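In: Whatever this is, show me its structure:
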Amino acid sequence: MCVRTFSHVLFCKLSTKMHNVALIFLTLLVTLLPFKLSAATLPEFDATFEVHAFDIMFGISKQSFRCHNQDCTLKATASPSGLASFFVSESTYEEIQFKQTANTLKWLSYSKKAGDDLNDLENIKTVTLKRSTDQTEILYLEREKRWDNQSNLFDVASIAYAIQYYKLNSLPIEGFHLQDTSGQDALTISQIKPSQELELSDQETTLKAEQYQFKTSKAEVKIWLLPTYQYFPGRVDVYNIAKDRTITLLLQQPPKIL
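Out: Numbers count the residues shown, from 1 in each chain. You can find the predicted model right below:
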């Protein structure tokens with residue numbers, strides 16, 4: 001209780017004002033804090049890439065990403081086109097499942113079908129990689145192989161989008177593992193060009209890009225992310241060390257962000 005002298009009354013009024021200001025500040029802080037802490041999720045999209053090898057275009061890869069609540073699916077279809085279709089007839093369909101929560105992007109499974117006719121179930125080749133029910137192992141169903149589960153694990157088709165997720169959330173790009181049919185590789189991902197320009201395959205669109213790279217026991221991979229489009233991957237180069245061959249996926253036009 002304040003004593004009713006002039007100095008004490010003045011002190012009480014100032015204290016009350018400071019208390020009110022503090023309450024307003026805390027209220028604003030509590031109101032704004034969830035927006036600061038909430039993660040940026042990968043946006044749903046449709047995109048088309050040209051597939052290049054030996055300095056020629058081999059085909060087209062159409063990719064899409066959709067989510068229902070926390071369950072997300074990346075789909076990619078690739079088919080030969082142009083002159084390449086006279087030499088290569090095989091098409092592929094890939095599907096990757098994720099769990100995207102408020103603060104994580106978790107890889108769940110990868111499946112691939114390849115063949116001249118993807119509807120001919122007796123003659124297509126399949127690959128299925130998935131987490132075990134108890135989440136302790138990664139299973140390769142067709143070959144009955146298994147590996148220990150790893151943190152930040154993704155496959156070749158989804159690693160660029162994983163890096164995109166980490167860039168969107170300003171997270172350190174480290175501790176990643178790459179899974180394929182041969183095994184796992186711990187990755188050291190480095191940014192080699194923080195600012196450059198990337199020309200898309202329409203030869204009309206040039207966008208600012210950031211370039212990243214990593215190396216596995218089999219390949220050297222370079223990835224170009226587009227800051228203007230929420231760090232969407234605009235180009236991916238995969239150099240096969242054993243075959244001395246580079247496969248390039250180059251975005252035709254800016255992605256359609258949904």
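In: remind me which residues of the stretch 51-200 of the chain are low pLDDT?
Out: Low-confidence segments of the stretch 51-200 of the chain (pLDDT under 70): 83-87.
In: could you pull out the strands for it?
Out: Secondary structure of the stretch 51-200 of the chain (DSSP state E, counting those that start in this stretch): strands at 56-68, 71-80, 91-100, 105-115, 125-131, 137-140, 145-148, 153-155, 177-180, 183-186, 190-199.
In: Give me whichever of these is most buried.
Out: strand 153-155 (a mean of 23; mean count of other C-beta atoms under 10 Å). Bear in mind the C-beta positions are built from the backbone N, C-alpha and C, glycine included.
In: Give me the contact list for it.
Out: Strand 153-155 is contacted by residues 96, 107, 110, 129, 138, 162, 176-180, 184 when judged by C-beta atoms under 8 Å, 6 or more residues apart in numbering.
In: Skipping adjacent residues, who's closest to Leu153 in space?
Out: Excluding its sequence neighbours, the residue lying closest to Leu153 (C-beta to C-beta, 6 or more residues apart in numbering) is His177, at 4.4 Å.
In: Could you pull up the residues touching the residue minimising distance to the centre of the chain?
Out: Centroid-nearest residue in the chain, with C-alpha atoms, centre = their mean: Tyr161, separated by 1.3 Å. By C-beta under 8 Å, 6+ apart, the residues touching Tyr161 are 42, 65, 74, 233.
In: now do 10 Å
Out: Counting by C-beta atoms under 10 Å, 6 or more residues apart in numbering, Tyr161 touches 42, 45, 63, 65, 72, 74, 96, 98, 105, 154, 223, 231-233.
In: next one: Lys106
Out: By C-beta under 10 Å, 6+ apart, Lys106 lies in contact with 70, 72, 97-100, 131, 135, 151-154.
In: ok, 8 Å please
Out: Applying C-beta under 8 Å, 6+ apart, we find Lys106 in contact with 98-100.
In: cool, and Leu129?
Out: By C-beta under 8 Å, 6+ apart, Leu129 lies in contact with 109-111, 138-141, 155, 179, 181.
In: Pipe the residues you listed into JSON lines and attach distance to Phe58 per row.
Out: As requested, the contacts of Leu129 are arranged in JSON lines below (distance: C-beta to C-beta, whole Å):
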{"residue": "Ser109", "distance to Phe58": "27"}
{"residue": "Tyr110", "distance to Phe58": "22"}
{"residue": "Ser111", "distance to Phe58": "22"}
{"residue": "Ile138", "distance to Phe58": "30"}
{"residue": "Leu139", "distance to Phe58": "31"}
{"residue": "Tyr140", "distance to Phe58": "27"}
{"residue": "Leu141", "distance to Phe58": "28"}
{"residue": "Asp155", "distance to Phe58": "21"}
{"residue": "Gln179", "distance to Phe58": "25"}
{"residue": "Thr181", "distance to Phe58": "21"}
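In: ok, of the residues you listed, which one's closest to Asp55?
Out: Asp55 has its nearest neighbour among the contacts of Leu129 in Asp155, at 26.9 Å by C-beta to C-beta.
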